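In: Fold the following, please.
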Amino acid sequence: MQFVPEHAVVWAEIPVGDLDGAMAYYAALGFDDFTMNHDGPTPIAIFRNRDHMTGVAGHLYPGKPAAPGTGPTVHLAAPAALDVMAERVAQAGGTVVSPPIEIPAGQFIYTQDPDGNSVSFFRES
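Out: Alright, predicted model coming up:
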């Protein structure tokens with residue numbers, strides 16, 4: 001029998017050079033409710049989600065990001081319209097890499113956070 005998980009992605013980790021600074025950046029984008037966890041080898045700041053700690057999730061952690069444009073892209077649910085997200089990204093010190101891209105499920109923009117991580121913001125149709 002073939003393994004078919006509920007979600008292909010279980011969680012995403014975004015490495016950042018300065019955890020407090022990264023939390024402030026993402027808070028400026030609308031992700032202002034982190035849960036801090038110190039159970040592992042490094043502290044992590046978990047993005048809040050509806051299924052808190054049981055659903056697909058993501059977090060920030062102290063680490064070394066890949067060189068800009070070389071790492072994977074994390075796609076986050078946008079807490080605001082994409083034009084608002086693009087404005088927030090630019091004002092908070094990130095870079096907007098693309099205009100909104102339409103797909104059947106909705107639309108998204110590619111950005112880079114201040115650490116150079118590729119982060120997309122997605123809105124459903």
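In: Now do the end-to-end distance for stretch 40-55.
Out: One end of stretch 40-55 to the other measures 19 Å (C-alpha to C-alpha, to the nearest Å).
In: Spell out the secondary structure type for the residue nearest to the spatial centre of the chain.
Out: When C-alpha atoms, centre = their mean is applied to the chain, the residue found nearest the centroid is Leu76 (4.7 Å). Following DSSP: H, G, I helix; E, B strand; the rest coil, we place Leu76 in the strand state.
In: With adjacent residues omitted, what lies nearest to it?
Out: Leaving aside its chain neighbours, Leu76 sits nearest to Phe121 (5.8 Å; criterion: C-beta to C-beta, 6 or more residues apart in numbering). The C-beta positions use only the backbone N, C-alpha and C, and glycine is treated the same way.
In: Which pLDDT value belongs to Met1?
Out: Note on Met1: pLDDT of 79.
In: For it, give me its contacts.
Out: By C-beta atoms under 8 Å, 6 or more residues apart in numbering, Met1 lies in contact with nothing.
In: mind checking how far it is from Ala8?
Out: 17 Å (C-beta to C-beta, to the nearest Å).
In: next one: His75
Out: From His75 over to Ala8 (counting by C-beta to C-beta), the distance is 12 Å.
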